[in-house]
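Colleague: Structure for this input, please:
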Amino acid sequence: QVQLVESGGGLVQAGGSLRLSCAASGRTFSRNAMAWFRQVPGKEREFVAAISGSGITRYVDSAKGRFTISRDNAKNMVYLQMNSLKPEDTAVYYCAASGGSYYYTVGYQYDYWGQGTQVTVSS
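Modeller: So this is what the prediction gives:
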């Protein structure tokens with residue numbers, strides 16, 4: 001059974017940093033694209049960052065220069081380092097894994113999802 005478990009969310013002041021982690025189990029995702037999405041109540045889920053099976057990264061414009069997605073294939077983990085956080089980054093952040101290696105920016109291309117971790121940025 002495949003599971004993705006996020007951790008690292010919390011409450012932080014604007015300008016602060018958080019590092020989200022996603023632990024995958026049940027299968028190896030070393031060649032698969034992984035991504036982070038976020039969602040605010042009442043709004044659609046939003047793509048944040050993705051990393052391809054070969055390590056190429058892609059970000060939503062609002063995250064460029066502030067967020068960094070990375071992976072540790074040996075540990076079957078993916079991370080999202082978030083710096084210079086803003087109140088508008090407040091959301092539930094979800095880890096997702098694709099069945100393939102391409103780093104799509106749309107949720108329906110991802111087959112596995114975590115339960116989410118809350119990130120709250122106070123002003």
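
Colleague: Leaving out the residues flanking it, which one is nearest to the most centrally placed residue in the chain?
Modeller: The residue lying closest to the centre of the chain (Cα atoms, centre = their mean) is Trp36, at 2.2 Å. Distance criterion Cβ to Cβ, 6 or more residues apart in numbering; nearest residue to Trp36, sequence neighbours excluded, is Val48 at 4.4 Å. Every C-beta, even on glycine, is put in place using the N, C-alpha and C of the backbone.

Colleague: Ala35 now?
Modeller: Counting by Cβ to Cβ, 6+ apart, the nearest residue to Ala35 once its immediate chain neighbours are dropped is Ala50, at 3.8 Å.

Colleague: ok, that neighbour - how many residues close by?
Modeller: By the measure other Cβ atoms under 10 Å, the count of residues near Ala50 is 25.

Colleague: Also the one 3 residues further on?
Modeller: The local packing count at Gly53 equals 18, with neighbours defined by other Cβ under 10 Å.

Colleague: Now the closest residue in space to it that isn't next to it in sequence: which helix or strand?
Modeller: Counting by Cβ to Cβ, 6+ apart, Ser101 is the residue found nearest to Gly53 once chain neighbours are left out, at 3.1 Å. Using DSSP states H and E, Ser101 sits within no helix or strand.
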